[in-house]
Every structure is written in C-alpha cells, then in structure tokens.
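Q: Predicted coordinates and the sequence they were generated for:
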Amino acid sequence: MSEDTNLNPVELATELTIAWLGNQNNRVQADEVPAFLRTMHATLTELSGATSAPNAAQDDAEPAQEFVPAVTVRKSLGSKDHIISMIDGKPYKTLRRHLSTHGLTPEEYRARYNLKPDYPMVAESYSEARRAMAKKIGLGNKGRTAKKRAPKSA
C-alpha cells in the first residue's frame, strides 16, 4: 500500500481485505469474503466520521423510540411489600435482577422513565427485613467492638 493517506473507505477496505486473505493462517470460504469486506467498509466509514445511509436511518430510529411505562410512578411505589416494574407491570421485591434480564442498569431504568435519582430499587419492607437480619447476626459489630476495646486496653 502506498503512503497516500487520502484513500477512500472502499479502497482502504479492499486493501485490508486483500491483506487478510493473504495471511496464510486464515482459512476462508469464498462466501465469507463479501461479508468481511462489508464489515470492514462499515467499520472504516464509522471510524472516519462519515456516516453511510443505512446507519443514518438506524440512528434516527433509535432516539425516536419512546418508552411508555406500564404503571405510574405513584402506583409503582404504592406498596411497602413490593415495587411494580414500569417495564411489565409486575411486582418485585428488588428490581436489579429484573432489570438485568432486560439489559438495563438502575441508572438506565431511571433515565428511560424520567425517574428521580433516589427512586428505590428495593421494596421498603424487604429492605427492613434484610437490615434486621444483618443486625441479628451481628454484621458490622466487629469493627465497633474492636474500637471500644482499643481505648480500654491502652
């Protein structure tokens, strides 16, 4: 390949495909070459900052997608025993696992439905039960007792 940096994406993709085919370690079927060339061209146009027509149509469709909640925010937090998901309208004690099955993080979920940053992901009664269980088995007390003993022994 020459030192010319003004290659268009088609020429550059062709050069890269030729180099890929020239590698003796690649075992390639003839029907895989056009797909590789298309992928290489799409990647190069994306990296160069130019958008191709198919990708531009996909980008326009993505932001236009509006998510309608299954329930209102008030109804989703209406019970202390569960939180109702805005995705499917079903009750859950904790939303984290449910959100992960839909490929969302809590932050993305809050952004999708315009929720406040302090919108809970765990039902209030479930949180209290977990807190009581942790206190009962003594979680967090080891550090406190060590701090109390240190001044007495010194």
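A: Now that the structure is in, tell me what you want to look at. Remember, predicted model here, so these are calculated numbers, not experimental data.

Q: Please save the CA atoms from stretch 21-38 in PDB.
A: Only the C-alpha atoms of stretch 21-38 are listed here, as PDB (Å, rounded to 0.1, in the frame of the first residue of the first chain):
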ATOM      1  CA  LEU A  21      -6.800 -13.000   2.600                       C
ATOM      2  CA  GLY A  22      -3.000 -13.000   2.100                       C
ATOM      3  CA  ASN A  23      -2.400 -14.300   5.600                       C
ATOM      4  CA  GLN A  24      -1.600 -18.000   5.500                       C
ATOM      5  CA  ASN A  25      -3.200 -18.600   8.900                       C
ATOM      6  CA  ASN A  26      -6.700 -17.600   7.700                       C
ATOM      7  CA  ARG A  27      -8.800 -20.400   6.300                       C
ATOM      8  CA  VAL A  28     -11.600 -18.600   4.400                       C
ATOM      9  CA  GLN A  29     -14.500 -19.800   2.400                       C
ATOM     10  CA  ALA A  30     -15.300 -17.800  -0.800                       C
ATOM     11  CA  ASP A  31     -18.700 -16.800   0.500                       C
ATOM     12  CA  GLU A  32     -17.200 -15.200   3.700                       C
ATOM     13  CA  VAL A  33     -15.200 -12.700   1.700                       C
ATOM     14  CA  PRO A  34     -18.000 -10.300   0.700                       C
ATOM     15  CA  ALA A  35     -19.300 -10.200   4.300                       C
ATOM     16  CA  PHE A  36     -15.900  -9.400   5.600                       C
ATOM     17  CA  LEU A  37     -15.500  -6.700   3.000                       C
ATOM     18  CA  ARG A  38     -18.800  -5.100   4.000                       C
END
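
Q: Now do it: distance to the chain's middle.
A: Computed by CA atoms, centre = their mean, to the nearest Å, the chain-centroid distance of stretch 21-38 equals 32 Å.

Q: what's in contact with it?
A: For stretch 21-38, contacts defined as CB atoms under 8 Å, 6 or more residues apart in numbering pick out 13, 14, 17, 20. Where you see a C-beta, it was placed from the backbone N, CA and C, and this is true even at glycine.

Q: Buried by neighbour count, from the residues you listed: which ones?
A: Buried by 16 or more other CB atoms under 10 Å: 13, 17, out of the contacts of stretch 21-38.

Q: possible to save the contacts of stretch 21-38 as TSV with distance to residue 118, pLDDT and secondary structure?
A: Output for these, formatted as TSV (distance: CB to CB, whole Å; pLDDT from 0 to 100; DSSP: H, G, I helix; E, B strand; the rest coil):
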residue	distance to residue 118	pLDDT	secondary structure
13	49	81	helix
14	54	83	helix
17	52	82	helix
20	51	79	helix
